[in-house]
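>>> fold the following for me, if possible:
(chains A and B)
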Protein chains: 2
Amino acid sequence: MTDKHNPRLLRVALDVMGGDFAPVETVKGGVEAARRGIAEVLLVGDAGAVNAELGKHVVADLPLRVVPSEGCITENEHPALALRKKPRASVAVAAQLVRTGQADAAVSMGSTGASMAAAAVTMGLLPGIERPGLGGNFLGLAPKTTILDLGSNVDCKPSQLLSFGVMGAAFARTYLKIPNPRVALMSTGAEEAKGNKQVHEATPVFKASGFNFVGNAEGMDVFTDRADVIVCDGFVGNVLMKFAEGMGATIAELLKRELSKALPRETVEVLAKKLWESTNTAKVAGGPLFGVNGIMVVGHGASHAEGIAGAVQMARWCAEAGLLEAMRQDLAKIAPKVAS
Amino acid sequence: MTDKHNPRLLRVALDVMGGDFAPVETVKGGVEAARRGIAEVLLVGDAGAVNAELGKHVVADLPLRVVPSEGCITENEHPALALRKKPRASVAVAAQLVRTGQADAAVSMGSTGASMAAAAVTMGLLPGIERPGLGGNFLGLAPKTTILDLGSNVDCKPSQLLSFGVMGAAFARTYLKIPNPRVALMSTGAEEAKGNKQVHEATPVFKASGFNFVGNAEGMDVFTDRADVIVCDGFVGNVLMKFAEGMGATIAELLKRELSKALPRETVEVLAKKLWESTNTAKVAGGPLFGVNGIMVVGHGASHAEGIAGAVQMARWCAEAGLLEAMRQDLAKIAPKVAS
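Okay, here's the model as predicted:
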């Protein structure tokens, strides 16, 4: 461990108290990220617990620092209330480090609701955003397709859907390096007449936005090249994401049964794992919160060290790529159009 | 071909003019169904075309009859308008055969919209139903889970969702032989507070229904044993169904790539086909229309003879199991509760 700052390294604040395997795996993942030179990692957590875990690793000269916090917000707590009661909780301190410019991005594997509340309250929201969104290229099988919202905004007005489209396009352009991303609305058919009331109300708003709107996408278009960004409300996105997880796991079991006689057990296990990961990207890496005025990557609670290092990597890439500035600029362009 | 009626055989009216490969594959599928003794098949179509196709098969003594119709409604036509213009179109005549008691069930691989319009106009709707629904145990990977609606009712009131639940439960009880099926609402979390406005409004209506309502299901619960019937609006159902198709096809391609070196090509093809079929049941068999006063099974336009015979089989099973009577009785039970 060192205080020597490497000026080229971005600084990522890692909430090491959040997640199912915190602080053991979170500290391990943070150490791993530092060792690989992904970022300077600020380990945010109860000092005693973090230092005890750090003692298990060789960390001399690694770009690591401990930033003490007090307590943690669990899945079972009401995010906003818990945040008020525990303003020094790990996720809140991590968000504050970004807010005050001491970190370039934050990462948490803890309660998604708490991460969203901490980010929204501490970092603030981007102009025109009412509530942060979750999204990204969540499916390994469709690594170029950005989908949002994935669950935080369940009933959406057209202006909210448009803001998802704009932020998703900024993500696709900066993080996925897709020039001029094509934005589509998730619907029940390609024709404009298809879809529900929400889609019909959103269509003219998207058309008037000046963004690269390509009309409706359908469920299979997550896997086709029809659009780079597919916008849906958080209800549909959440159902899809969990459906994909369930389907991936079920197919992995089917494959194990079907292949166990024809192939060596290890080959089958590797293939099933690959498939599982391809359908559960959110579980192994994470995604940024969309619409908060700072970068916070939220990962799945069940992540182990490898997944946590991956989330730190993603946070760094988002910061490096200028994701936040791109979203801010693009949201400003639509601001006059969606003002209600 | 014969006029000898086998009193034990149910009679299924098959629209042989509908579908991508009509009348070649539809007639072939009807002949195959008759040959297997699935049903007495009434081949409904332009007499010349049907007889020309029948000439290619040995049909002596098979329980088959030709019922002449005039023309066909295509995917590109507006269902209701086309139906008015062509009242003797194949799908309309098939529906009329059921209406007049000359057939026990109908099957069409043609335009789903036309099948729905023909069934609704000709057979009428069950009490309390405003528009037919599509659904069933559509996914081979989850053969015991009934989901509806899959696309025809995109914006739903609580009373509509409840009628889907009731009809889905009748389907699960009679067709899938599941006693006292558990009905759930598709949502974003198991807790009652989770979900969107639609789910929150529907929950008390489901609770008061007297049916076996087990609360919310999530996307992955299509594959778990949490519920037998999962109710969603047709927007969510349609997106899910098409997403499953796309994901199944993508995984099949992934498997071909991954396994092509380790296993013989034929083994891989068989496995990929099995997987594809498990994720595209709707394409190989079909599902009944929910809410019309008669049994009509709609299958995928791309079906070949085997899939068409399967749809005839399904129509027979639905009729034999008393699906319609079960739906009618159960809808009557909720009628006083959902009257608005």
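
>>> lowest-pLDDT helix or strand in chain A?
In chain A, the helix or strand scored least confidently by mean pLDDT, DSSP states H and E is helix A:281-284, which has a mean of 52.

>>> C-terminal to that helix, what's the next element?
strand A:287-290 (DSSP states H and E).

>>> for the residue of the stretch 1-150 of chain A found nearest chain B, grab the count of nearby residues.
Relative to chain B, the nearest point of the stretch 1-150 of chain A is residue A:141 (5.0 Å; C-beta to the nearest C-beta). Just so you know, the C-beta spots here come from the backbone N, C-alpha and C atoms, and that holds for glycine as well. Neighbours of residue A:141 under the rule other C-beta atoms under 10 Å in any protein chain shown: 20.

>>> quick check: it is in a strand.
No - under DSSP: H, G, I helix; E, B strand; the rest coil, residue A:141 falls outside any strand and is assigned coil.

>>> state the pLDDT value of it.
Looking at residue A:141, its pLDDT reads 87.

>>> I'd say it and residue A:274 touch.
No - assessed by C-beta atoms under 8 Å, residue A:141 is found out of contact with residue A:274, at 10.6 Å.

>>> in the stretch 151-300 of chain A, which spans are helices?
Per DSSP state H, counting those that start in this stretch, the stretch 151-300 of chain A carries helices over the ranges A:158-174, A:197-207, A:234-259, A:265-279, A:281-284.

>>> mind checking which of these is nearest chain B?
Here helix A:234-259 is closest among these (C-beta to the nearest C-beta), at 3.1 Å.

>>> residue A:213 and chain B, how far apart?
19 Å (C-beta to the nearest C-beta, to the nearest Å).

>>> return the residues in contact with the nearest residue to that residue once chain neighbours are set aside.
Excluding the flanking residues, the one nearest residue A:213 by C-beta to C-beta, 6 or more residues apart in numbering or on different chains is residue A:206, at 4.3 Å. Under the criterion of C-beta atoms under 8 Å, 6 or more residues apart in numbering or on different chains, the contact partners of residue A:206 comprise A:158, A:161-162, A:165, A:183, A:185, A:213.

>>> so which pair among these is furthest apart in space?
A:158 and A:183 (13.5 Å; C-beta to C-beta).

>>> what about those two, which has more around it?
Shown here are residue A:158 and residue A:183; by other C-beta under 10 Å, residue A:183 has more neighbours (26 against 19).

>>> is that one in a bridge, and if so with what?
Residue A:183 has these beta-bridge partners by DSSP bridges: residue A:213, residue A:229.

>>> wait, it sits on residue A:167?
No - using C-beta under 8 Å, residue A:183 makes no contact with residue A:167, being 10.4 Å away.

>>> hmm, back to that, just the pLDDT for the residue nearest to residue A:213.
96.

>>> could you do residue A:263 as well?
With respect to pLDDT, residue A:263 scores 82.

>>> now do the phi/psi pair for the closest residue to it other than its chain neighbours.
Nearest non-adjacent residue to residue A:263, counting by C-beta to C-beta, 6+ apart: residue B:262, 6.0 Å away. Backbone torsions of residue B:262, given as degrees, to the nearest 10, read phi -90, psi -20.

>>> same thing with residue A:190?
Torsion angles, degrees, to the nearest 10, at residue A:190: phi -70, psi -30.

>>> which residues does the nearest residue to it once chain neighbours are set aside contact?
Of all residues beyond its chain neighbours, the one nearest residue A:190 is residue A:216 (5.4 Å), with distances taken as C-beta to C-beta, 6+ apart. Residue A:216 makes contact with A:184-192, A:194-195, A:199, according to C-beta under 8 Å, 6+ apart.

>>> the residue nearest the centre of chain A - nearest residue in space that isn't next to it in sequence?
For chain A, the residue nearest the mean C-alpha position is residue A:287 (1.3 Å; C-alpha atoms, centre = their mean). Residue nearest to residue A:287 in three dimensions, not counting chain neighbours: residue A:136, with 3.6 Å by C-beta to C-beta, 6+ apart.

>>> was I right to think the one you found contacts residue A:172?
No - with contact defined as C-beta under 8 Å, residue A:136 does not count as touching residue A:172 (9.6 Å).

>>> what do these two both touch?
residue A:146.

>>> give me every residue that touches the residue nearest to residue A:287.
Residue A:136 neighbours (C-beta under 8 Å, 6+ apart): A:146-148, A:150, A:171, A:282, A:287-288.

>>> farthest pair in those?
A:171 and A:282 (14.6 Å).

>>> pick out whichever of those two has more residues nearby.
Between residue A:171 and residue A:282, counted using other C-beta under 10 Å, residue A:171 has the larger neighbour count: 27 against 22.

>>> please report how far the closest residue to the more buried one other than its chain neighbours lies from residue A:158.
Computed as C-beta to C-beta, 6+ apart, the closest residue to residue A:171 that is not its neighbour in sequence is residue A:146, at 5.6 Å. Per C-beta to C-beta, to the nearest Å, residue A:146 is found 19 Å from residue A:158.

>>> who's in contact with residue A:98?
Residue A:98 neighbours (C-beta under 8 Å, 6+ apart): A:13, A:104-106, A:122-123, A:294-296.

>>> the closest residue to residue A:324 other than its chain neighbours: how many residues sit nearby?
In this structure, residue A:324 finds its nearest non-sequential neighbour in residue A:295, 5.9 Å apart by C-beta to C-beta, 6+ apart. Residue A:295: 27 surrounding residues under other C-beta under 10 Å.
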